[in-house]
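Undergrad: when you get a sec, could you give me coordinates for this:
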Amino acid sequence: MPPSVSPFSQRLPATLALFAATVLVALPALPVSAAGPADSTWASLAAPAERLGAPIFALAVSPLDARLVLVGTGDGSIYRSADGGGSWKQVHRVGGHAVLVLAFDTYQPGVVLAGTRGAGAWRSADAGVTWTPQPGLEKASPRTFGFTKSTALAGSDRGVFVARGAEPWQPSGLGQLSVAALAAVSVNEPSRLLAGGDRDDPGVALPLYQSPDGGGTWTEVQGQSRAGTMVSALAAGAPQKDVRTLLMGTNTGLYVSIDNGGTWSGPLSGGGTLPATDFNQLAFVRDRFDRFYVASDGGASDRGGLWYTADGGSHFTSLQPPLPEVTALAVSNEDHPTLYVATLRPGDHGIFLWSYRDTGGQPKPPQGGVPALAGAAPSKAAAQATSGDWYLLLLRGPEAPYLAVGLLAGVALLVALVTYIRRGRRT
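TA: Purely as a prediction, here's the structure:
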């Protein structure tokens, strides 16, 4: 006779299937911190695997993947993260030549450019995995990049250079100017460009120039009453018919143009809006002309920070970064973007990396606060709060609802399993 099979044994496969299904249902309820930063909450990122002795000026995030981030260091290294800054892998190094800028090409997926101090430009065609030197920019110091549909633009200490695809870079004027900022007012040929810098001929109030022919010729933008002697940053918003909103950061404030750079209003500072300081980081939210971010390192003062506007600059809201001295900013290509930020603490030259997913809520500080030293653990008080009162941090944190659902699923699973076992023993 075949061996008898108890009803419980017959139900065991179904029990295991129920167990697996319950686990799969419960998995999404686990904390989501590994999937990205919590909404409107600052999060500390991992530090690159080297001692950072100089501020970070180069940050870039892929327009196709909000968790693919690149960072360049003052020692000449480029690090790549595929998990939103949770971990970093060194992918390139030019020892002794600081990485000044990183930029993803808007019109060529996977193409990234890196500019170094005194070692020219490097190009990656695989989203930052491998890098090749670019001919034509040897010994130059590219400080900014811009893109049209057909060309890449570089602003350097030797003026403007242009390149088509992987072709050698060619000089394109303004050789007397150390170009710190570029913007494409129109991206179709012949493209219209703006360039600004921080060194010019005597007598020029503000080194801001325009080109109507893709960099073939340049003329000074005149007729504007503007303070300041440096153009630190330029940015162009999404087009509205044939007009782009343009931003210009100078060493004394932020300016905006709503007529393709014909006229500029500002500075948008004072009166409780923005401080009168050097704005060196500007970024629009994708496909928008009225939503953008502006940042400043404070110019060796306490007036730095990071601000956001949703009405074209009429009102600004501080995002309250953990440290106000913002040296680099990268914004993902989303309606609710993730911001990647580098900061510098002047007191001990502490260099930190942060992320922030802006969903419009009240900004929340990072759990544990700012570490006492760059790359060090949080302060003793923060560590005690993290270890001794960890359950309070979980209950108060954004993952609390997910933990509650996971706990209920686990309880339901345990009750079901005990019930099946007892029934099996009775049969």
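
Undergrad: burial measure for Ile351, as a count.
TA: For Ile351, the number of neighbouring residues by other CB atoms under 10 Å comes to 24. Where C-beta positions appear, they are placed from N, C-alpha and C, glycine not excepted.

Undergrad: wasn't it part of a strand?
TA: Yes: judged by DSSP: H, G, I helix; E, B strand; the rest coil, Ile351 forms part of a strand.

Undergrad: now do the contacts for it.
TA: Leu52, Ala54, Pro55, Ile56, Ala342, Thr343, Leu344, Arg345, Ala374 (CB atoms under 8 Å, 6 or more residues apart in numbering).

Undergrad: excluding chain neighbours, what is closest to the second one?
TA: To tie it back to what came earlier, the one meant is Ala54. Gly74 (2.7 Å; CB to CB, 6 or more residues apart in numbering).

Undergrad: where does pLDDT dip in the stretch 251-400 of the chain?
TA: 270-272, 300, 373-400 (pLDDT under 70).

Undergrad: sec struct for the residue nearest to Ala54, please.
TA: coil.

Undergrad: neighbours of it, how many?
TA: 20.

Undergrad: what's the spacing between it and Gly173?
TA: Relative to Gly173, Gly74 is positioned 29 Å away (criterion: CB to CB, to the nearest Å).

Undergrad: then Pro207?
TA: From Pro207 to Gly173 the distance is 13 Å (CB to CB).

Undergrad: looking at those two now, which is surrounded by more residues?
TA: Pro207 (26 against 19).

Undergrad: quick one: the more buried one and Leu268, what's the gap?
TA: 20 Å.

Undergrad: and if you look at Tyr308?
TA: 13 Å.

Undergrad: same check, this time on Thr250
TA: 11 Å.

Undergrad: low-confidence ranges in the stretch 1-150 of the chain?
TA: 1-37.

Undergrad: could you pull out the strands in it for me?
TA: For the stretch 1-150 of the chain, strands defined by DSSP state E, counting those that start in this stretch occupy the ranges 42-44, 58-61, 69-72, 77-81, 89-93, 99-104, 112-116, 121-124, 132-133, 142-147.

Undergrad: deepest-packed of the ones you listed, please.
TA: Highest mean neighbour count among the strands of the stretch 1-150 of the chain (mean count of other CB atoms under 10 Å): strand 69-72, with a mean of 28.

Undergrad: name the residues that touch that strand?
TA: Outside strand 69-72, the residues touching it (CB under 8 Å, 6+ apart) are 48, 56-62, 78-81, 84-85, 88, 98-102, 112, 114, 128, 328, 330, 340, 342, 353.

Undergrad: that strand pairs with which strands?
TA: Sheet pairing of strand 69-72 (DSSP bridges) gives strand 58-61 (antiparallel), strand 77-81 (antiparallel).

Undergrad: so which helix or strand takes in Ala154?
TA: strand 152-156 (DSSP states H and E).

Undergrad: skip ahead from that strand and say which helix or strand is next.
TA: strand 159-163.

Undergrad: just want the angle from that following strand to strand 152-156.
TA: 160 degrees (axes from the mean of the first three to the mean of the last three CA atoms, to 10 degrees).

Undergrad: average pLDDT for strand 159-163?
TA: Taken as a whole, strand 159-163 has a mean pLDDT of 96.

Undergrad: what lies in contact with it?
TA: Against strand 159-163 from outside (CB under 8 Å, 6+ apart): 134, 136-137, 140, 142, 151-154, 169-177, 179, 182, 193, 195, 214-215, 218.
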